[in-house]
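[1] my questions concern the predicted model and sequence given below.
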Amino acid sequence: MKKFLVFGYFDKNKFDPSTEPSQEERQAIFAKWGTWSEEYKENVVDMGSPIMNGMKISKDKLSDEGVSKISGYMIIRANDVNHAQEVLGKSPLFDGGHAMSYEIFESMMWSMERLPRSR
């Protein structure tokens with residue numbers, strides 16, 4: 001199977017605090033994620049996390065100018081991008097909230113054993 005990186009983007013202009021889930025609703029959302037991750041455990045590589053405070057980095061400096069608005073990630077395994085969409089479509093990812101949009105990228109990860117070695 002291939003690996004896919006899924007990135008979430010938060011749009012603060014579309015965020016409506018009145019739509020934030022209550023504590024009970026939040027617990028129900030976490031339970032849905034738990035059920036989904038157990039059902040699709042062969043597909044879940046990393047459940048991911050919200051991320052924040054992104055910086056551009058170079059050898060000599062850090063900068064927050066023009067930084068991506070990525071606000072979360074997840075890594076899954078799937079046969080192809082259509083299979084990835086099918087697996088993610090059964091998750092709570094698209095159940096709304098947090099004014100999120102998503103992108104998916106196929107990873108071209110190589111294992112260290114497959115990398116050419118210098119002699």
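    Alright, I've got the coordinates. Residues are numbered from 1 along each chain as shown.

[2] thought residue 90 was touching residue 40?
    Yes: the pair residue 90 and residue 40 qualifies as a contact (CB atoms under 8 Å) at a distance of 7.2 Å. For the C-beta atoms, the positions are set from N, CA and C on the backbone; glycine is no exception.

[3] the two: who's more crowded?
    More neighbours surround residue 40 than the other of residue 90 and residue 40, with 16 against 13 (other CB atoms under 10 Å).

[4] list the beta-bridge partners for the residue nearest the centre of the chain.
    What sits nearest the mean C-alpha location of the chain, by CA atoms, centre = their mean, is residue 73, with 2.3 Å. Counting by DSSP bridges, residue 73 is bridged to residue 7, residue 49.

[5] touching, it and residue 45? I think so.
    No: in this structure, residue 73 is not within contact of residue 45 by CB under 8 Å, at 10.9 Å.

[6] let me know the pLDDT of the closest residue to residue 62 other than its chain neighbours.
    The shortest distance from residue 62 to any non-neighbouring residue, by CB to CB, 6 or more residues apart in numbering, is to residue 55 (4.6 Å). According to the prediction, residue 55 has pLDDT 93.

[7] list the contacts of residue 55.
    62-64, 67 (CB atoms under 8 Å, 6 or more residues apart in numbering).

[8] in the chain, mark out all the helices, start to finish.
    In the chain, the segments counted as helices under DSSP state H are 23-39, 81-89.

[9] distance of the closest residue to residue 37 other than its chain neighbours from residue 33?
    Nearest in space to residue 37, with sequence neighbours left out and distances taken as CB to CB, 6+ apart, is residue 44 at 5.2 Å. Per CB to CB, to the nearest Å, residue 44 is found 10 Å from residue 33.
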